[in-house]
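In: Fold the following and give me the result.
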Amino acid sequence: MLLQELKFLVFDIHESERLLRTEAFAHLDLDMLTATLESADKLARRSFESIAARIDLEEPTLRDGKVIASPALAEPLNAYAELGFLAATFPRDWGGLDAPAIIGAANMALFGAACTPAAGYLFMTAAAARLILTFGNEHQKSTYLPPMLEGRWYGTMCLSEPQAGSSLHHVTTRAIPLSDGAFQIKGAKMWISGGDHDLSENIVHLVLARIVTDDASINPLSLFVVPRQKPDGRENDITVSGLNKKLGHKATTNCALAFGENDACTGYLLGEPHRGLQQMFHMMHEARVGVGTTSAATAYAGYRYALAYAAERRQGRRNRSQSAARLVEHPDVRRMLLEQKAIAEGALCLSLRGAHLIDQIRVSTDQQETERLQALRDILTLLIKSWSAERGLEANSLAIQTMGGAGYVRDHPVERLFRDQRLNPIHEGTNGILAIDLVTRKARQGRGLTPFFEAVEADAQRAMPNEPAMAGALLSGLGIISRCIEKTSSTRCDPDLALAFASPLALMLGDMAASWMWLTQVSALGGRTDDFSQGKRAAAAYMVHHVWTKSLAIAPAIMAGAAPHNTIDEFSL
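Out: Reported below is the predicted structural model:
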């Protein structure tokens, strides 16, 4: 069912076939794109979904300073790389297919729904390789890209430290210049996904550190390539100082790493010095879209499991019948299932819109249009990650509730999916921090959120003749949100008020983005009346008139500045 959903979103909604008429993608055809999705679906269901429960139980272990992962991971990860999925969106010069980003995102959804903890190693490697492709010199690209895109070497990003989680300006890892142009790396990194394991020949860490200068000044962060083994095969003085035990994503190793405890860790500057944070955010943006996509996929997987269970399980009677009714016949169960569908399929559509924007920017020949698309992409990236994770967690919780006690135990996968989903509002920037970025900095800089609002309004106005109820509700809600953003982004507004309401406002904006995506889906259906289309229409109405309406309810409090959490002291909490 997910493959059908993705084909609908990729080809019918986002009309990705049009990309094939451009020079950038002229080497591809529709059959190739379709075959890529179908091949990914087969591998995901055969090799990734089949190990998901096992690797959740076989947690990584630390033995003699090395991390040992579940042996069940090796075969699917190798197959993924051998079939070309790791390199699919990379240039043909590096062995890739140079496929559109939206195809890469759809593939990510397929593997994310099947088993995100396994696929996470591959997603992170692709993001790290893209950063090297973007900022690396020719020697670095020729050294690291081939083994990474072949799946022999994996990649990570090393940002956080024990004392510096989201506040990266507190990073203290040092990079001491060496006579040969390399750097000695010294410091500790924390929460490193894929930081060590026995699944690949090597691990390429991308490390944020400060270059040490003679005047002892505190320099801006720079970015370094720090492989576990140097290209000549020698160990690089990187020690696993701890292995974090997690609520979910248990099969994805998560490490505390020490660099240079013996003063023998070598790193290689990637890109320009003192611009590491800007460069790393290139990878962070890709990672955030990836988190949003896998959040949507995890919500979708939970929804489909809950729906299948509810269609078979008999419990309670309906309409004075003497026989037990199936769960799906009960109105409250249908409510929970429809809410899951509205969230999951709305999040999938939103994630693919973000990926499609990358493709549109690439093929755009008009500078003004390119700038508009880039501004919209920057806004949607934050919503794709934060909204999909927030609402996705609610959807996975509803999947458990739909199945009752059966959903709460490990006999069924929805318990595991809920635990895996719980990480997504936290990593790659917590939802609260992204909300502050969205509602304060982005709302106040440049054109603010105007590109987003204009895109929503334009589509709603176009849809008004055929979908007046949904389009009208979208325009009405847009007006409410616009007034709230205008109040909190005003220079006359108490800065703490904007901070206090950042998360509710971001949720409102995300609900609007999802409602916008649902309007585009319903508009594309035309007069179709099949079951697929009827389900789409019901889910769209539920998103607009139920889910979004609840988040809009806080608007009067925002306009009134009613924020008791701003005035209460810590001792009264």
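
In: could you give the mean pLDDT of stretch 190-198?
Out: The predicted model assigns stretch 190-198 a mean pLDDT of 97.

In: Report the buried residues of it.
Out: 190-197 (16 or more other CB atoms under 10 Å). (Each C-beta comes from the backbone N, C-alpha and C, glycine too.)

In: which one of the residues you listed is nearest residue 530?
Out: Using CB to CB, residue 193 is the member of the buried residues of stretch 190-198 that sits closest to residue 530, with 41.6 Å.

In: Give me the distance between the closest one and residue 172.
Out: Distance of residue 193 to residue 172, computed by CB to CB, to the nearest Å: 21 Å.

In: returning to what we had before: so, if you compare the buried residues of stretch 190-198, which one comes nearest to residue 313?
Out: Taking CB to CB as the measure, residue 313 lies nearest residue 193 of these, at 36.3 Å.

In: quick one: contacts for residue 38?
Out: When contacts are counted by CB atoms under 8 Å, 6 or more residues apart in numbering, residue 38 is found next to residue 3.

In: would it count as being in a helix?
Out: Yes - according to DSSP: H, G, I helix; E, B strand; the rest coil, residue 38 belongs to a helix.

In: Tell me the confidence at it?
Out: Taking residue 38 on its own, its pLDDT is 98.

In: Could you count how many residues lie near the spatially closest residue to residue 4 that is not a sequence neighbour?
Out: Nearest non-adjacent residue to residue 4, counting by CB to CB, 6 or more residues apart in numbering: residue 532, 7.7 Å away. Each residue near residue 532 was counted by other CB atoms under 10 Å, and the total is 13.

In: Buried residues in the helix or strand harbouring residue 532, which are they?
Out: Per DSSP states H and E, residue 532 falls inside helix 531-542. By 16+ other CB under 10 Å, the buried positions in helix 531-542 come out as 533, 536-537, 539-542.

In: same question, stretch 139-153
Out: Applying a neighbour-count criterion of 16+ other CB under 10 Å, one finds 140-141, 143-145, 147-149, 151, 153 buried in stretch 139-153.

In: Not counting that stretch itself, show me its contacts.
Out: Outside of stretch 139-153, the residues within contact range by CB under 8 Å, 6+ apart are 77-78, 80-82, 86-87, 90, 94-96, 122, 125, 128-129, 132-133, 136, 154-155, 200-204, 225, 227, 231, 268, 270.

In: Quick check: the residue located most distally from the centre of the chain vs residue 312, distance?
Out: Using CA atoms, centre = their mean, the residue of the chain lying farthest from its centre is residue 322. It sits 47.3 Å away. Distance, residue 322 to residue 312, by CB to CB: 20 Å.

In: Over to residue 48?
Out: Going from residue 48 to residue 312 by CB to CB gives 25 Å.

In: got the contact list for residue 192?
Out: Residues counted as contacts of residue 192 (CB under 8 Å, 6+ apart) are 156, 158, 160, 205, 254-257.

In: what's the closest of these to residue 332?
Out: Using CB to CB, the shortest approach to residue 332 within these belongs to residue 254, at 37.9 Å.

In: what distance separates stretch 482-491 from the middle of the whole chain?
Out: Its chain's C-alpha centre and that of stretch 482-491 lie 28 Å apart, by CA atoms, centre = their mean, to the nearest Å.

In: contacting residues around it?
Out: Residues from elsewhere that reach stretch 482-491 (CB under 8 Å, 6+ apart): 439-440, 443-444, 448-449, 453, 493, 497-498, 501-502, 505, 508, 555, 558-559.

In: What residues of that stretch count as buried?
Out: Residues of stretch 482-491 classed as buried by neighbour count (16+ other CB under 10 Å): 484-485, 487-489.

In: Likewise for stretch 199-210?
Out: Of the residues in stretch 199-210, 199-200, 202-210 count as buried by neighbour count, 16+ other CB under 10 Å.

In: what's the answer for stretch 213-223, then?
Out: Neighbour-count burial for stretch 213-223, with 16+ other CB under 10 Å as criterion, is recorded at 219, 221-223.

In: now the contacts of residue 192 as JSON lines including secondary structure, distance to residue 12 and pLDDT?
Out: Output for the contacts of residue 192, formatted as JSON lines (DSSP: H, G, I helix; E, B strand; the rest coil; distance: CB to CB, whole Å; pLDDT from 0 to 100):
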{"residue": "156", "secondary structure": "strand", "distance to residue 12": "37", "pLDDT": "96"}
{"residue": "158", "secondary structure": "strand", "distance to residue 12": "41", "pLDDT": "95"}
{"residue": "160", "secondary structure": "coil", "distance to residue 12": "41", "pLDDT": "94"}
{"residue": "205", "secondary structure": "strand", "distance to residue 12": "41", "pLDDT": "98"}
{"residue": "254", "secondary structure": "strand", "distance to residue 12": "39", "pLDDT": "97"}
{"residue": "255", "secondary structure": "strand", "distance to residue 12": "43", "pLDDT": "97"}
{"residue": "256", "secondary structure": "strand", "distance to residue 12": "46", "pLDDT": "97"}
{"residue": "257", "secondary structure": "strand", "distance to residue 12": "45", "pLDDT": "98"}
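
In: Just put those in CSV and tack on distance to residue 73.
Out: Putting those into CSV (distance: CB to CB, whole Å) gives the following:
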residue, distance to residue 73
156, 16
158, 21
160, 24
205, 20
254, 15
255, 16
256, 21
257, 20
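
In: what two of the residues you listed have the greatest distance between them?
Out: The most widely separated members of these, counting by CB to CB, are 205 and 254 (13.9 Å).

In: okay, which residue is most central for this protein?
Out: The centre of the chain sits closest to residue 291, judged by CA atoms, centre = their mean, with a distance of 1.6 Å.

In: Mind giving me the packing neighbours of the helix or strand it falls within?
Out: With secondary structure defined by DSSP H and E, residue 291 is part of helix 276-312. When contacts are defined as 3 or more CB pairs under 8 Å, 6 or more residues apart in numbering; DSSP states H and E, helix 276-312 sits against helix 2-7, helix 101-135, strand 153-158, strand 202-211, strand 221-227, helix 331-363, helix 367-403, helix 414-421.
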